[in-house]
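Chemist: I would like the atomic coordinates for the input below:
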Amino acid sequence: MPKVFYTLPDGTERVVAAEPGDSVMRTAIRNGVTGILGQCGGELSCATCHVFVDERHAGEFPPVSEDEDDMLDVAATDREDTSRLSCRLVLAAGQEVHVTVPEAQL
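Modeler: Numbering: from 1, shown residues only. Alright, predicted model coming up:
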């Protein structure tokens, strides 16, 4: 079972068990992780699920697509080198990933 470690803007960490094939965004919403809104439901048409992926895990996901790159340009919090939309981060069985939730999504 995958596990996601969410570091929240106040520095606290939430650890959530996920289902293989789910995204980091869906896992957050299903488990009430604050700070990830996912207003478009994972359709890659908003940037309200922006996260910073820990550098240790950045290479575990497919590269940023052109559409994701465009959406990250309009995220409420300035993007960084490890910025991703959590709806694009699909989890594999046994995977553990650490992400940081930015201060703002809107």
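Chemist: Tell me where the protein has helices.
Modeler: 24-30, 66-72 (DSSP state H).
Chemist: just those: most buried one?
Modeler: Highest mean neighbour count among the helices of the chain (mean count of other C-beta atoms under 10 Å): helix 24-30, with a mean of 23. The way it works is simple: take the backbone N, C-alpha and C, and place the C-beta from them, glycine included.
Chemist: which ones are touching Thr27?
Modeler: 2, 4, 16, 18-19, 33, 91 (C-beta atoms under 8 Å, 6 or more residues apart in numbering).
Chemist: Apologies, that question was intended for Leu44.
Modeler: Leu44 is in contact with 67-68, 71, 85, 87-88, counting by C-beta under 8 Å, 6+ apart.
Chemist: change it to 7 Å
Modeler: Leu44 is in contact with 67-68, 71, 85, 87, counting by C-beta atoms under 7 Å, 6 or more residues apart in numbering.
Chemist: farthest pair in those residues?
Modeler: For the contacts of Leu44, the maximum inter-member distance is 11.3 Å, found between Asp67 and Cys87 (C-beta to C-beta).
Chemist: Quick check, central residue of the chain?
Modeler: For the chain, Ser86 is the residue whose C-alpha lies nearest the centre (C-alpha atoms, centre = their mean; 2.6 Å).
Chemist: which among the contacts of Thr27 end up buried?
Modeler: By neighbour count, with 16 or more other C-beta atoms under 10 Å, the contacts of Thr27 hold 2, 4, 16, 18, 33, 91 as buried.
Chemist: what ranges do the strands span in this protein?
Modeler: Assigned by DSSP state E, the chain shows strands spanning 3-7, 13-17, 50-53, 83-85, 96-100.
Chemist: Can I get these in a markdown table including mean pLDDT?
Modeler: Formatted as a markdown table, the strands of the chain follow (pLDDT from 0 to 100):
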| stretch | mean pLDDT |
| --- | --- |
| strand 3-7 | 98 |
| strand 13-17 | 98 |
| strand 50-53 | 98 |
| strand 83-85 | 98 |
| strand 96-100 | 98 |
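Chemist: Please dump the ones you listed into CSV; it should also carry distance to Ile29 for every row.
Modeler: Output for these, formatted as CSV (distance: least, C-beta to C-beta, whole Å):
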stretch, distance to Ile29
strand 3-7, 12
strand 13-17, 11
strand 50-53, 13
strand 83-85, 13
strand 96-100, 14
